[in-house]
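J.: Dropping the sequence and predicted coords here.
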Amino acid sequence: MNLTQFPHLINVLLVFCGGGTGAVLRYATELLMARYPAWGFPLGTWTANVLASFVAGILIALIEINGISNSAKLLLLTGLCGGLSTFSSFTVEIFNLFRKGENSLAILYIFLSLIFTLLALFFSYWLTRQLFQIQNN
């Protein structure tokens with residue numbers, strides 16, 4: 001079987017491999033962050049989402065600068081970042097915080113997640129652009 005005859009299958013495999021890697025990284029992040037006291041704050045999910053946004057910013061800048069291949073974009077941006085970020089976990093944790101009556105913590109979690117994931121993306125995008133600009137001069 002020649003995989004080049006099935007370009008969509010190759011794309012599916014790229015997303016699958018990247019997503020699986022991202023999911024394992026998310027699990028490792030959850031385990032690592034569980035070591036730190038967070039007073040009910042979902043630190044593992046928050047960290048995974050900020051990290052995925054940071055990596056996405058780097059990748060978006062690299063796409064603009066070097067025009068990485070569609071295969072690399074599928075593997076890293078769609079797969080890895082998609083597997084690492086945890087929007088469904090994020091919403092479940094918010095729901096559970098509200099259900100437990102921890103409304104202030106739920107609102108803080110929403111606010112910090114949105115602000116820090118956007119800051120991580122914008123900062124890593126800017127930093128990557130700056131680094132490549134220095135290299136090209």
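T.: Right, received. Where do you want to start?

J.: For residue 93, grab the count of nearby residues.
T.: The burial count assigned to residue 93 is 21, neighbours taken as other C-beta atoms under 10 Å. Glycine gets a C-beta too; all of them are placed from N, C-alpha and C.

J.: my guess is it contacts residue 42, does it?
T.: Yes. Residue 93 sits in contact with residue 42 when judged by C-beta atoms under 8 Å, with a separation of 4.4 Å.

J.: shared neighbours of these two, anything?
T.: Contact with both residue 93 and residue 42 is made by residues residue 109, according to C-beta atoms under 8 Å, 6 or more residues apart in numbering.

J.: Point out the other helices and strands that the worst-scoring helix or strand of the chain on mean pLDDT packs with.
T.: Within the chain, judged by mean pLDDT, DSSP states H and E, the helix or strand with the poorest mean is helix 87-99; its value is a mean of 90. Other helices and strands packing on helix 87-99, by 3 or more C-beta pairs under 8 Å, 6 or more residues apart in numbering; DSSP states H and E, are helix 43-66, helix 103-136.

J.: ok, the most centrally placed residue in the chain to residue 118 distance?
T.: To find the centre residue of the chain, average its C-alpha atoms and take the closest one (C-alpha atoms, centre = their mean): that gives residue 52, at 1.9 Å. Separation of residue 52 from residue 118 (C-beta to C-beta, to the nearest Å): 12 Å.

J.: For the residue nearest to the centre of the chain, which residues are in contact?
T.: When contacts are counted by C-beta under 8 Å, 6+ apart, residue 52 is found next to 22, 81, 84, 85, 86, 117.

J.: Looking at those, which is nearest residue 59?
T.: Taking C-beta to C-beta as the measure, residue 81 is the one of those closest to residue 59, at 7.2 Å.
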